[in-house]
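Enquirer: any chance you can model this:
(chains A, B, C and D)
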Protein chains: 2
Amino acid sequence: MANAPRKAETSIDAIAADLVAVLVAVTEGEPKIMTIANAAALPSGPFQFGHRSLQTGLRAWVEAQTGHPLGYVEQLYTFADHGRTGDARAPHRISISYLGLTREDQVREGSEGHWSGWYEYFPWEDHRAGPPALIAKIVAPKLRGWAKSAESTSVQRARWQRAAITFGLDDRAWNEELVLQRYELLYEASVIPEAVRDKPAGEAVVPGRSMISDHRRILATGIARLRAKIKYRPVVFELMPAEFTLLQLQRSVEALAGRLVHKQNFRRLIEQQELVEETGAMAAETVGRPAKLFRFRHGIVAERAVAGTKLPLSRS
Amino acid sequence: MANAPRKAETSIDAIAADLVAVLVAVTEGEPKIMTIANAAALPSGPFQFGHRSLQTGLRAWVEAQTGHPLGYVEQLYTFADHGRTGDARAPHRISISYLGLTREDQVREGSEGHWSGWYEYFPWEDHRAGPPALIAKIVAPKLRGWAKSAESTSVQRARWQRAAITFGLDDRAWNEELVLQRYELLYEASVIPEAVRDKPAGEAVVPGRSMISDHRRILATGIARLRAKIKYRPVVFELMPAEFTLLQLQRSVEALAGRLVHKQNFRRLIEQQELVEETGAMAAETVGRPAKLFRFRHGIVAERAVAGTKLPLSRS
DNA sequence: TTCCATTATGCTCAGGATAAGTATAACCTC
DNA sequence: GAGGTTATACTTATCCTGAGCATAATGGAA
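Expert: Numbering: from 1, shown residues only, chains lettered A, B, ... in the order given. Down below sits the predicted model:
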């Protein structure tokens, strides 16, 4: 390949780009994602001439398909779905994915949009009530089988080590951020429908709703990013109503992280960081002692140098 | 906009995609980036039909243009350079950027590639010898002027607050990760050449070499990502030779972070994390007491659950 | 009314991690 | 052997974190 010009003059290598949205909300302690096509796809559409930017294109598609306006948005990842779709000779099509955070509001009637619980797609990711039974009962045995099916013993060991690390087996700690790694592992082990869609062999056995194309993979990317981000950026508040109790805030964090946190320590961290302020009002219609209502201090983000939200999600 | 089909059948919205590489090396305590076109551009080229994936396309371009093979690679960001280039009606062109880490080796003779120190492009980012004089002498006054030029006093205050936070003015702490925010701020304030390239007004005054198109912005993104990542992932070792002393390792980290770290604490952290092991040999040809040579323990990455590298870069 | 379940909130305490400094060792050049 | 330079071992004070105890409000059941 000779020294090529830095920019192709008028590129003959035209491709198509899709914009895909992982739109997240948390309602009553359950994380939801916006889906279309009977909960089998994420909102998405091609990047078109008319779009002034990638984000405006994305917003247009999401609003058209779901009737839901897009609030906070950040880019996730760009990939050419290729080996995945199989047709190696087809013109290139790349997907540019985004993570969006909102509140679950009224979805326009008659629209295709639908909020789905994200743990329907990843039942092994919810550890709020301890490790889900299906990990020990289904996932681990299947991964053990996959490891054993390798030729050499060194590959067998490497496979099982990888499985144990990502799924917290053999007394290893569960790491809630490895969402994508776990999905990729299940894909490679051919124990989810997406993996056997192309290759005819194998049988999908691990429970969990799948999606078209790469969408469940994109969703895994979004969840992983969000679980990592809530630990050092105050993004949870994008998912909260204007006023909330500290327990509601905690439940939202736990819903996203898929694990429980120590209540008193959680409150201490939130309060000492001055991320919230009391509204003066109290929560109504609750069981137990009424809680103070808080609101997010938007000012703090500007005041501090990119305020870090610490959450007690490090160890344990 | 009616409910559109989820995937355009055969998209008429063809676009072109460029692959851009921020290829980093550290030599003798100085961070370098691979450049072409007389150090005014990053290696890049269009994503073509022949490329099997985005990464293979990138590797092909970098090797063709610089003769340097690509090692560790991770995706940075995808954007449509648009408002930036001005031609709002031109067909869409998106850039997909990557961060690559290697060692500075022999660049093939006659190739266009050249290693440039990255602080030539961002002289305000090197705080290893304290805050650079040009911040107080040039950057701060210019940003003050930009803030004052706003209409309302509230905007004036907001502008100056932003400047103070990103550049650590008014006794605020310097945050080395805000590389992109600082660049964006200088761009908005029209005090760098890129900003006045389109708009004829203004005069570029802040020192620092600029690049074609969005390339300096992409470089800022890469530096920011790397500065963030060395704190929690063992990526520094991608930049080190097979054997190194702890001081060399420290100097590399400091070069990337643009700030000094406490020597004894640095060693303690590195050693207690078992990221390195002694080779048994000692460093030759040095001043002072000879240091032990270490090598990176590749095994540790697999052993631990995505081993976190802690570095003493948090406070201070 | 009392007791209990439930949630809110204040406080303590031990262990670990971190920043920063002191002290000593090993090598070189002059 | 004095002085510069780097390596390496300890010490200390502080802060952070995880974990638990205790008490305060509230509503409903006994």
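Enquirer: would you list the phi and psi of A:Arg182?
Expert: In terms of degrees, to the nearest 10, the main-chain angles of A:Arg182 are phi -70, psi -40.
Enquirer: any idea how far it is from DNA strand C?
Expert: 26 Å (CB to the nearest atom of the strand, to the nearest Å). Quick note: C-beta positions are derived from backbone N, CA and C, even for glycine.
Enquirer: what of A:Ala39?
Expert: Taken as CB to the nearest atom of the strand, the span from A:Ala39 to DNA strand C is 30 Å.
Enquirer: helices along chain A, start to end?
Expert: A:54-66, A:133-134, A:140-148, A:153-167, A:179-188, A:193-198, A:215-229, A:246-257, A:263-272, A:298-303 (DSSP state H).
Enquirer: out of those helices, which is closest to B:Glu28?
Expert: Of all those, helix A:215-229 sits nearest to B:Glu28, with 34.1 Å by CB to CB.
Enquirer: so which elements touch the closest one?
Expert: strand A:16-27, strand A:72-80, strand A:93-101, helix A:179-188, helix A:246-257 (3 or more CB pairs under 8 Å, 6 or more residues apart in numbering or on different chains; DSSP states H and E).
Enquirer: let's have the ones you listed in JSON lines, adding mean pLDDT, distance to DNA strand D and mean neighbour count.
Expert: Converted to JSON lines, the helices and strands packed on helix A:215-229 look like this (pLDDT from 0 to 100; distance: least, CB to the nearest atom of the strand, whole Å; neighbours: other CB atoms under 10 Å in any protein chain shown):
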{"stretch": "strand A:16-27", "mean pLDDT": "94", "distance to DNA strand D": "22", "mean neighbour count": "24"}
{"stretch": "strand A:72-80", "mean pLDDT": "94", "distance to DNA strand D": "24", "mean neighbour count": "19"}
{"stretch": "strand A:93-101", "mean pLDDT": "94", "distance to DNA strand D": "24", "mean neighbour count": "23"}
{"stretch": "helix A:179-188", "mean pLDDT": "96", "distance to DNA strand D": "20", "mean neighbour count": "20"}
{"stretch": "helix A:246-257", "mean pLDDT": "95", "distance to DNA strand D": "12", "mean neighbour count": "21"}
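Enquirer: Throw those into CSV and include distance to B:Lys229, thanks.
Expert: Converted to CSV, the helices and strands packed on helix A:215-229 look like this (distance: least, CB to CB, whole Å):
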stretch, distance to B:Lys229
strand A:16-27, 22
strand A:72-80, 16
strand A:93-101, 19
helix A:179-188, 16
helix A:246-257, 22
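Enquirer: next, format these as CSV and append distance to chain B.
Expert: Output for the helices and strands packed on helix A:215-229, formatted as CSV (distance: least, CB to the nearest CB, whole Å):
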stretch, distance to chain B
strand A:16-27, 4
strand A:72-80, 4
strand A:93-101, 5
helix A:179-188, 8
helix A:246-257, 16
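Enquirer: what's the neighbour count on A:Ala291?
Expert: Using other CB atoms under 10 Å in any protein chain shown, A:Ala291 has 14 neighbouring residues.
Enquirer: residues in contact with it?
Expert: A:Thr245, A:Leu246, A:Leu247, A:Met282, A:Ala283 (CB atoms under 8 Å, 6 or more residues apart in numbering or on different chains).
Enquirer: got phi/psi on the first one?
Expert: I take that to be A:Thr245. phi -90, psi 160.
Enquirer: show the pLDDT at it.
Expert: Looking at A:Thr245, its pLDDT is 94.
Enquirer: that one: what's its closest spatial neighbour, skipping adjacent residues?
Expert: A:Ala291 (3.9 Å; CB to CB, 6 or more residues apart in numbering or on different chains).
Enquirer: ok, the second one next?
Expert: Taking CB to CB, 6+ apart, and ignoring the residues beside it in sequence, A:Leu246 has A:Arg267 as its nearest neighbour in space, at 5.4 Å.
Enquirer: that neighbour and DNA strand D, how far apart?
Expert: In terms of CB to the nearest atom of the strand, A:Arg267 sits 9 Å off from DNA strand D.
Enquirer: how many neighbours does the closest residue to A:Ala14 other than its chain neighbours have?
Expert: In this structure, A:Ala14 finds its nearest non-sequential neighbour in B:Ala14, 3.6 Å apart by CB to CB, 6+ apart. Neighbour count for B:Ala14, taken as other CB under 10 Å: 17.
Enquirer: isn't A:Asp105 right up against A:Thr66?
Expert: No. At 10.9 Å, A:Asp105 does not count as touching A:Thr66 under the criterion of CB atoms under 8 Å.
Enquirer: of the two, who's got more company?
Expert: Using other CB under 10 Å, the more surrounded residue of A:Asp105 and A:Thr66 is A:Thr66, with 23 against 12.
Enquirer: residues contacting A:Ala40?
Expert: By CB under 8 Å, 6+ apart, the residues touching A:Ala40 are A:Arg209, A:Ser210, A:Met211, A:Ile212, A:His215.
Enquirer: make it 7 Å
Expert: A:Met211, A:Ile212 (CB atoms under 7 Å, 6 or more residues apart in numbering or on different chains).
Enquirer: what does it show for phi and psi?
Expert: phi -110, psi 10.
Enquirer: and the gap between it and DNA strand D?
Expert: 38 Å.
Enquirer: if I look at that residue, how far off is A:Ala195?
Expert: 17 Å (CB to CB, to the nearest Å).
Enquirer: lowest average pLDDT across the helices of chain A?
Expert: helix A:298-303 (a mean of 76).
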